[in-house]
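Novice: Output the structure for:
(one chain, ligands or ions: 2)
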Amino acid sequence: MSTFKIALIRGDGIGPEVVEQTVRVMERVGEKFGHSFTWVDVLMGGCATDAVGKSYPDGTAEICRACDAVLLGAVGGPKWGSDRPAHERPETALLAIRKDLGLYANLRPAALRPALADACPLKRETAEAGIDLMMVRELTGGIYFGKRDKYQTEDRGVEATDLMAYSELEIERIGRRAFELARLRRGKVTSVDKANVLETSRLWRATMHRLAAEYPDVAYEDMLVDNCAMQLVRNPGQFDVVVTENMFGDILSDEASMITGSIGLLPSASIGDSAPGLYEPIHGSAPDIAGQDKANPIATILSAAMMFRYSFHLPEEAGAIEAAVDRVLAAGWHTADTAGDAERLVGTREMGRLICEEV
Ligand code: IPM
Ligand code: MG
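Specialist: Numbering: from 1, shown residues only. Ligands and ions are numbered 1, 2, ... in the order given. Now for the predicted structure:
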């Protein structure tokens, strides 16, 4: 019997509701497989700004570091917009926790779940060919963390700059993650860059080529980011593992999530070289439906499955959650965000209960 200590960042908007259902499902998995959990509530995001004046209260990283893993609902909302000072914005907290916990690898699987092939906005034959890719996004470098500046010029008004920098170390460690993951999947890595324009991309590509030679069993290709954006809607079935830098990954992962039919279904994992990893749904805080029992908890529940797989090395528990979700969807149960039969439309809590029951 093992006990896991889990930090819960419930956050803003629908965050608390989807985390609540995920906790329920994890408790059920614990009962079935003989694990127990200690839950540690961590205040972060817009709710922290409201409560203590900053979105990333002092000590947040330390509390998380004392846990085995972190589960995050969602942070952000129009109430804490870009007119607010940086320390009050929820996005600041998100970037800070990624950096402080060393979470350089962001895994965002985008798979078309069989029961939801109809929700795929692409052509039927494209959906039928299947979509099952893993976006591996570099998460603690590049333009997100480079030097920023804003200054007055003599003749061009105000000018602003954001620096994109990448080191070989940063590229190599994310590249290794991608190759290792490909070995566990279908054995193919697509590395996405803009090497026809950017110096950082040329270093990225050269480093990836060096790594590719170390993984001769994995098929490797380079792809320019604009072409990748196009290929994702033209023929997403060609991709297995897609590895890319921080901002390209931000953009492409939203596109990848959309083609699977519902952003409410997709989980993510952010991991580094040591615990804890952070697990969160791809979707945002959806303030328009917060507190109405309408949100889809599946993305967060599947994030917990990723936690079992990647942080606790318990693939059976992960598989039990994923299979339970698939059975509930196959039975036609759905929340308002996924198309389906009106008679089987359920709310957040009922969806959580159905998944518990299937586990
Ligand atoms: C994401 C989000 C964040 C990002 C924002 C909220 C800062 O879009 O996790 O993809 O850009 O990384
Ligand atoms: Mg994003």
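Novice: C-alpha from now on. contacts and neighbour counts both.
Specialist: Will do.
Novice: in the chain, which segments are predicted with low confidence?
Specialist: 339 (pLDDT under 70).
Novice: Dead centre of it: give me the residue that sits there.
Specialist: The centroid of the chain falls nearest to Ser268 when counting by C-alpha atoms, centre = their mean (2.9 Å).
Novice: Can you show me the helices along the stretch 51-200 of the chain?
Specialist: 60-65, 90-100, 124-128, 168-184, 199-214 (DSSP state H, counting those that start in this stretch).
Novice: Adding distance to Gly73 and mean neighbour count, write these out as JSON lines.
Specialist: Output for the helices of the stretch 51-200 of the chain, formatted as JSON lines (distance: least, C-alpha to C-alpha, whole Å; neighbours: other C-alpha atoms under 10 Å):
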{"stretch": "helix 60-65", "distance to Gly73": "15", "mean neighbour count": "17"}
{"stretch": "helix 90-100", "distance to Gly73": "12", "mean neighbour count": "19"}
{"stretch": "helix 124-128", "distance to Gly73": "29", "mean neighbour count": "15"}
{"stretch": "helix 168-184", "distance to Gly73": "25", "mean neighbour count": "18"}
{"stretch": "helix 199-214", "distance to Gly73": "32", "mean neighbour count": "17"}
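Novice: could those helices be laid out in TSV, adding distance to Pro109?
Specialist: Formatted as TSV, these follow (distance: least, C-alpha to C-alpha, whole Å):
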stretch	distance to Pro109
helix 60-65	24
helix 90-100	19
helix 124-128	16
helix 168-184	11
helix 199-214	21
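Novice: what's the closest of those to Ala295?
Specialist: Nearest of the helices of the stretch 51-200 of the chain to Ala295, taken as C-alpha to C-alpha: helix 90-100 at 20.1 Å.
Novice: Please enumerate the strands of the stretch 1-150 of the chain.
Specialist: 2-11, 35-41, 69-74, 105-111, 132-138, 148-152 (DSSP state E, counting those that start in this stretch).
Novice: In contact with the closest residue to Leu43 other than its chain neighbours, which residues?
Specialist: Nearest residue to Leu43, sequence neighbours excluded (C-alpha to C-alpha, 6 or more residues apart in numbering): Ile9, at 6.2 Å. Going by C-alpha atoms under 8 Å, 6 or more residues apart in numbering, Ile9 touches 41-44, 70-74.
Novice: which among these gets closest to Met208?
Specialist: Val70 (30.1 Å).
Novice: The closest one and Leu314, how far apart?
Specialist: Taken as C-alpha to C-alpha, to the nearest Å, the spacing of Val70 relative to Leu314 amounts to 16 Å.
Novice: The two: which is more packed in?
Specialist: Taking neighbours as other C-alpha atoms under 10 Å, Val70 and Leu314 compare with Val70 leading, 27 against 14.
Novice: and the more buried one, what is it in contact with?
Specialist: Taking C-alpha under 8 Å, 6+ apart as the criterion, Val70 is in contact with 6-9, 64, 276-279.
Novice: Out of those residues, the closest to Pro78 would be?
Specialist: Ile9 (18.9 Å).
Novice: which residues does that closest one bridge with?
Specialist: Beta-bridge pairing of Ile9 under DSSP bridges involves Leu72.
Novice: Kindly reformat the strands of the stretch 1-150 of the chain as JSON lines containing distance to Val242.
Specialist: Listed next are the strands of the stretch 1-150 of the chain as JSON lines, based on distance: least, C-alpha to C-alpha, whole Å:
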{"stretch": "strand 2-11", "distance to Val242": "28"}
{"stretch": "strand 35-41", "distance to Val242": "33"}
{"stretch": "strand 69-74", "distance to Val242": "24"}
{"stretch": "strand 105-111", "distance to Val242": "10"}
{"stretch": "strand 132-138", "distance to Val242": "5"}
{"stretch": "strand 148-152", "distance to Val242": "28"}
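Novice: hey, which of these is tucked in deepest?
Specialist: strand 69-74 (a mean of 27; mean count of other C-alpha atoms under 10 Å).
Novice: Need the residues that contact stretch 330-342.
Specialist: With C-alpha under 8 Å, 6+ apart as the criterion, stretch 330-342 contacts 114-115, 118-119, 261-262, 264, 294-296, 344-348, 351.
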